[in-house]
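Trainee: Okay, here's the prediction I keep looking at, along with the sequence it came from:
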Amino acid sequence: PLRTNVLASRGLDPVEGRPGASMDTYDFEDAAKLLREAYGETISDKDVLSHALYPKVFTDWKDFEAVYGEVSILSTHLFLNPMQAGEEVEVQLYTGKALIIKLVSIGEVREDGLRVVNFELNGERWFITVTDNSDESRVDRREKASGPGDVGSPMSGVIVGLKVKVGDRVKEGDALATLSAMKMETNIPATVAGKVVSIFTAVGDNLEENDLILTIE
């Protein structure tokens with residue numbers, strides 16, 4: 001038979017009985033508890049099953065969701081194909097509520113690898129700073145925190161929130177940014193009091209330990 005020949009050619013023994021019977025036991029209740037501690041009470045039984053089957057895919061998705069939020073409302077075309085300057089789309093948030101989004105312009109890549117993107121939401125102008133990951137020249141260009149006013153990443157992770165902007169005055173211990181690492185979100189505090197003079201990262205950036213986030217004077 002085909003099965004016997006294939007197994008013999010690869011030096012494998014056949015699985016007798018139900019394949020799942022030979023698997024290690026899995027505690028779904030304990031897994032649900034751990035996932036809800038990490039990601040909140042919105043974790044469903046379906047999420048627990050997804051994590052049991054594909055743990056890395058699930059955690060990668062949750063990390064993506066922490067940065068970019070709910071993206072299921074986007075059409076497949078819009079999700080897979082970046083908007084072009086001047087393009088306008090309509091996104092249905094829910095019945096009776098829609099957003100008209102227009103990409104006005106995309107700024108040039110700065111020396112720190114960031115761009116300023118200018119767009120409109122229902123006619124209201126917004127500006128957001130993003131990291132251009134397509135700019136290969138910025139690889140290995142990220143500085144490390146070294147001075148007394150430098151704030152670095154305490155560990156490898158993804159920046160999911162920036163709580164300050166250039167010019168803001170902060171006190172020692174104030175939360176400056178939020179880092180997602182090892183399934184947990186951590187607030188990064190100010191190391192000194194002063195004024196934020198430079199920010200070297202944007203939401204969605206992957207950082208290594210001690211990568212420079214911002215500088216305070």
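Mentor: All right, it came through fine.
Trainee: For the strand ranked longest in the chain, name the packing helices and strands.
Mentor: In the chain, taking DSSP state E as the definition, the longest strand is strand 97-106. Counting contacts by 3 or more C-beta pairs under 8 Å, 6 or more residues apart in numbering; DSSP states H and E, strand 97-106 packs against strand 88-94, strand 114-121. The C-beta positions use only the backbone N, C-alpha and C, and glycine is treated the same way.
Trainee: Lys163 against Leu179, yeah?
Mentor: No - contact between Lys163 and Leu179 fails when scored by C-beta atoms under 8 Å: they sit 11.7 Å apart.
Trainee: Between these two, tell me which one has more neighbours.
Mentor: Neighbour count, other C-beta atoms under 10 Å: between Lys163 and Leu179, Leu179 has more, with 21 against 13.
Trainee: Using the three-state scheme, assign that one.
Mentor: Here Leu179 is recorded as strand under DSSP: H, G, I helix; E, B strand; the rest coil.
Trainee: so who does it touch?
Mentor: By C-beta atoms under 8 Å, 6 or more residues apart in numbering, the residues touching Leu179 are 153-155, 157-160, 185-188, 207.
Trainee: from those, which ones fall inside strands?
Mentor: In strands, defined here by DSSP E, the members of the contacts of Leu179 are 157-160, 185-188, 207.
Trainee: all strands in this structure, in order from the N-terminus.
Mentor: Using DSSP E, the strands assigned to the chain run over residues 88-94, 97-106, 114-121, 124-131, 150-152, 157-162, 169-170, 175-181, 184-189, 194-199, 206-207, 212-216.
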